[in-house]
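Undergrad: Provided below for reference: sequence and predicted model.
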Amino acid sequence: MKLDPLDCIATIAILAALAFASGCSDADPDTRGVPAPAPPPVDTALAAVEDEPANRPSEIYFDLTAFTWYREGRPLVHDGRPYMPQADPIAVAAELREAGRYEGVNYYVMEDAVEPVYTVYVPVYYRYWQRFTSPPGS
């Protein structure tokens, strides 16, 4: 078997570069192993903007699976109607009002909603709401 000298040189160069990179650091020897400082906090991304609707719930449910009814796949019940979660959480621009509490979770409806309501909202993150819907006639 005949080896190509260029292949051998390329392999040696790659191995040398890897060995050099693994043994070198630009850091001062006294600071090796010290974690890098945290980035500055970004408060504008999560802070409420003053001209937004007053959709500021009293509590946010970051993990609905902490509630047995949700974890078991049971519906949220409002005025005797079952409501099931729909898709991913969404940002809601319309104004919401608190409509009730179900097994430890406050839920909301549109400010101008009249019964029967087919969609209720649960706050799951800053400015994001999980929609729960009930089909008409249920």
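TA: Done, it's in. Everything quoted here is computed from the prediction, not taken from an experiment. Numbers count the residues shown, from 1 in each chain.
Undergrad: list the contacts of the host helix or strand of residue 109.
TA: Element membership for residue 109, per DSSP states H and E: strand 105-110. Identification of contacts with strand 105-110 by C-beta atoms under 8 Å, 6 or more residues apart in numbering yields 55, 57-59, 61, 64, 67, 70, 76, 78, 94-101, 117, 119-123, 129, 132. In this view, the C-beta of every residue, glycine as well, is placed from N, C-alpha and C.
Undergrad: which ones among those map onto strands?
TA: Under the assignment DSSP state E, those contribute 76, 78, 96-101, 119-123, 129, 132 to strands.
Undergrad: what comes into contact with the top strand by length along the chain?
TA: With DSSP E setting the assignment, residue counts place strand 81-91 as the longest strand in the chain. Surrounding strand 81-91, the residues in contact under the criterion C-beta under 8 Å, 6+ apart are 64, 70, 75-77, 116, 119-120, 124-125, 127-134, 138.
Undergrad: please repeat the previous calculation with a cut-off of 6 Å.
TA: Under the contact criterion C-beta atoms under 6 Å, 6 or more residues apart in numbering, strand 81-91 has outside partners 75-76, 120, 124, 127-134, 138.
Undergrad: any idea what residue 129 is bridged to?
TA: Partner residues in beta bridges with residue 129, using DSSP bridges, are residue 90, residue 123.
Undergrad: burial check on it, number of neighbours?
TA: Residue 129 is flanked by 22 other residues according to other C-beta atoms under 10 Å.
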